[in-house]
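1. Okay, sequence plus prediction incoming.
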Amino acid sequence: MLGVIPFIGSPEKAAKAFVALAQKKDQLPLRIQLGTDSLTIVRHMAAKTLADSEKWGTISHSTNVDGIDAQDYTKNLLVALES
């Protein structure tokens with residue numbers, strides 16, 4: 001069982017971060033983590049996801065329809081996602 005984990009977030013600092021983000025509204029990311037705890041968790045989970053994708057990529061690719069240029073398809077998909 002885990003012991004009591006102190007809350008490290010500061011509501012006042014979060015409010016300041018929101019104001020700073022609002023001033024950059026044209027540059028905002030899709031997601032942002034507030035707090036070292038959430039940033040650490042997101043980075044950890046992203047690293048695990050990347051490791052799994054490397055390990056199991058062959059299985060992922062094996063499910064594609066025959067005759068599709070996967071490299072061209074994903075290139076176009078990424079361009080569309082950036083729009």
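-> Thanks, I have it. Numbering: from 1, shown residues only.
2. C-alpha only now, for contacts and for neighbours.
-> Noted.
3. residue with max distance from the center of the protein?
-> residue 67 (30.9 Å; Cα atoms, centre = their mean).
4. Which of the helices or strands spans that residue?
-> With elements delineated by DSSP states H and E, residue 67 resides in a region that no helix or strand encompasses.
5. Need the per-residue pLDDT for it.
-> Residue 67 is assigned a pLDDT of 92 by the prediction.
6. where does this structure have low pLDDT?
-> In the prediction, the chain carries residues with pLDDT under 70 at positions 1-2.
7. Show me where it has its helices.
-> Along the chain, counting by DSSP state H, helices occupy 11-22, 36-61, 70-82.
8. and the ones you listed as a markdown table, adding distance to residue 5 and mean neighbour count?
-> Putting those into a markdown table (distance: least, Cα to Cα, whole Å; neighbours: other Cα atoms under 10 Å) gives the following:
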| stretch | distance to residue 5 | mean neighbour count |
| --- | --- | --- |
| helix 11-22 | 17 | 12 |
| helix 36-61 | 11 | 12 |
| helix 70-82 | 38 | 10 |
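9. can you list the ones you listed in TSV and add distance to residue 30?
-> Formatted as TSV, the helices of the chain follow (distance: least, Cα to Cα, whole Å):
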stretch	distance to residue 30
helix 11-22	12
helix 36-61	14
helix 70-82	11
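10. how close does residue 22 get to residue 8?
-> Using Cα to Cα, to the nearest Å, we find residue 22 at a distance of 23 Å from residue 8.
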